[in-house]
Every structure is written in structure tokens, then in C-alpha cells.
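Visitor: when you get a sec, could you give me coordinates for this:
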Amino acid sequence: GPRAMDILRKVAKEEDIPEKYYTCKFHCTIDGMDCIISKTGYTGEDGFELYCAPADAPALWDALTAAGALPCGLGARDTLRLEAAMPLYGHELSPSINPYEAGLGIFVKLEKPDFIGKAALERARPVSRRRVGLQMTGRGIAREGCPVYDGGRQVGVVTSGTHCPWVGQAVALALVDAAYKEPGTPLQVDVRGRRVDAQVVKTPFYRRG
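Guide: Numbers count the residues shown, from 1 in each chain. Here you go, the predicted structure:
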């Protein structure tokens with residue numbers, strides 16, 4: 001969250017705190033405990049991930065909360081990553097959803113020498129479906145597994161969805177036929193047997209300023 005850096009500075013040396021996103025520092029010390037400090041996180045906000053010996057975890061927790069960190073649950077983390085439109089394995093990525101469909105083709109480096117899965121990825125394009133953001137324009141909350149329709153034809157399925165507190169609306173990520181990927185496309189989501197209007201929108205739903 002926005003106070004992550006201030007809190008970490010209370011328990012770690014300044015030189016042990018990574019400056020760049022997606023970097024880490026090894027053999028750092030927090031309250032006498034050896035840690036890896038990684039400037040990562042899966043919430044769309046500023047954040048860090050700390051790696052320590054399992055036996056040190058309770059003491060590390062106590063040190064962080066004493067410094068002002070506030071615990072939150074997996075549900076809170078999931079609404080944050082959804083607002084930031086971050087794909088999560090098991091939802092927007094799976095053995096049956098390839099990186100191109102998930103909008104992560106930028107991370108596929110086919111020019112590299114042979115690697116496990118390279119041949120399958122070479123055959124995966126062009127894709128027939130794409131990950132999109134949905135904003136619910138009708139009254140209802142789309143959940144994982146809800147079918148997505150265009151009239152009487154099912155054109156996709158919701159992979160993640162909930163009411164997101166910060167953006168103040170129900171949103172979802174869905175895997176839909178590629179013809180329906182453009183923002184502004186009207187669709188419907190089957191929510192417990194009731195069709196609820198939705199619209200394809202640009203993602204992320206929230207971007208940290």
C-alpha cells in the first residue's frame with residue numbers, strides 16, 4: 001500500500017530496500033532476521049514481499065505490525081489485483097489458457113533457443129479468444145465461471161469478478177471470443193440464471209497515480 005516504504009524503513013536499513021520494481025536484495029536483516037526483500041507484490045499498489053526462514057515468520061509478522069503494517073485477508077488482496085487487472089494463475093492463466101489469450105504475449109520470447117512449451121506456443125497464434133475487462137452496467141456481480149453472452153450465443157466465461165470497493169462498481173475479467181474484445185462492446189453475463197448487462201472496457205480498472 002501507499003505506506004509500505006515508510007513502514008519498511010522502520011525495520012530495515014535503507015541500503016537493503018530495493019528501489020526498482022521487480023528487483024530484490026538478498027541477505028538483508030529485519031529485526032535481526034535474515035531476509036530477502038523484494039520490491040514486488042500483486043495488488044497494483046506499492047509494496048514489498050519478504051522471504052525468511054519459516055521459524056522466523058511469526059517474529060517478522062510481529063515486527064511489521066509493530067511498525068504499523070495492517071494485516072488484510074486474501075479477499076482484500078484479490079479485489080486489489082482485480083482492480084489492477086492483474087491475471088492470476090488458476091483464473092486468467094491455466095493449462096488451457098495460453099499467454100497470448102491472457103494478454104501476456106509480451107513475456108513470451110520465441111526467439112530464444114528451444115524451451116519447454118515453445119512448439120506449443122508457436123502453434124498458439126492467431127488466438128481465437130482474448131482476456132477482457134467487463135464493467136457490469138446492470139445490477140449484479142459477475143463471479144468466476146459465469147457464462148458471457150451476446151444475445152442467445154455464449155461467447156465467453158468470467159475468470160474473476162466481484163464488487164471492487166475502490167472503483168465503486170462490479171467489474172470482472174473474462175475470456176471471450178476475439179471478435180468481442182473491443183472496448184464498448186455490449187454483452188450479458190449469466191448471474192445465477194439471470195442475464196445482467198455488461199460492457200467491455202479498457203483495463204486496468206484502477207491505475208495507481
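Visitor: got the buried residues for the lengthiest strand in the chain?
Guide: Scanning the chain for the strand with the most residues, using DSSP state E, yields strand 153-164. Neighbour-count burial for strand 153-164 flags V155, G156, V157, V158, T159, S160, G161, T162, C164 (criterion: 16 or more other C-beta atoms under 10 Å). The C-beta positions use only the backbone N, C-alpha and C, and glycine is treated the same way.
Visitor: centre of the chain to that strand, how far?
Guide: Centre-to-centre, strand 153-164 and its host chain are 15 Å apart (C-alpha atoms, centre = their mean, to the nearest Å).
Visitor: for the residue sitting nearest the centre point of the chain, which three-state class applies?
Guide: Central residue of the chain (C-alpha atoms, centre = their mean): M86, 2.4 Å from the mean position. On the three-state scheme (DSSP: H, G, I helix; E, B strand; the rest coil), M86 is labelled coil.
Visitor: now it. Nearest residue, chain neighbours left out?
Guide: The shortest distance from M86 to any residue other than its chain neighbours is 5.9 Å, reached at Y42 (C-beta to C-beta, 6 or more residues apart in numbering).
Visitor: so who does the one you found touch?
Guide: When contacts are counted by C-beta atoms under 8 Å, 6 or more residues apart in numbering, Y42 touches R77, R81, M86, L88.
Visitor: what's the answer for S160, then?
Guide: D78, L82, L88, H91, E92, E144, A172, L173.
Visitor: could you list every helix and strand in contact with the strand or helix carrying the first one?
Guide: Taking DSSP states H and E as the criterion, D78 maps to helix 74-83. In this structure, helix 74-83 makes packing contacts with strand 153-164, strand 169-177, judged by 3 or more C-beta pairs under 8 Å, 6 or more residues apart in numbering; DSSP states H and E.
Visitor: output the very next helix or strand once past it as PDB, nothing but the C-alphas.
Guide: Using DSSP H and E, the next helix or strand after helix 74-83 towards the C-terminus is helix 118-122. Output of helix 118-122 as PDB, limited to C-alpha atoms (Å, rounded to 0.1, in the frame of the first residue of the first chain):
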ATOM      1  CA  LYS A 118       8.000 -23.400 -27.300                       C
ATOM      2  CA  ALA A 119       6.500 -25.600 -30.000                       C
ATOM      3  CA  ALA A 120       3.000 -25.300 -28.400                       C
ATOM      4  CA  LEU A 121       3.300 -21.500 -28.200                       C
ATOM      5  CA  GLU A 122       4.400 -21.300 -31.800                       C
END
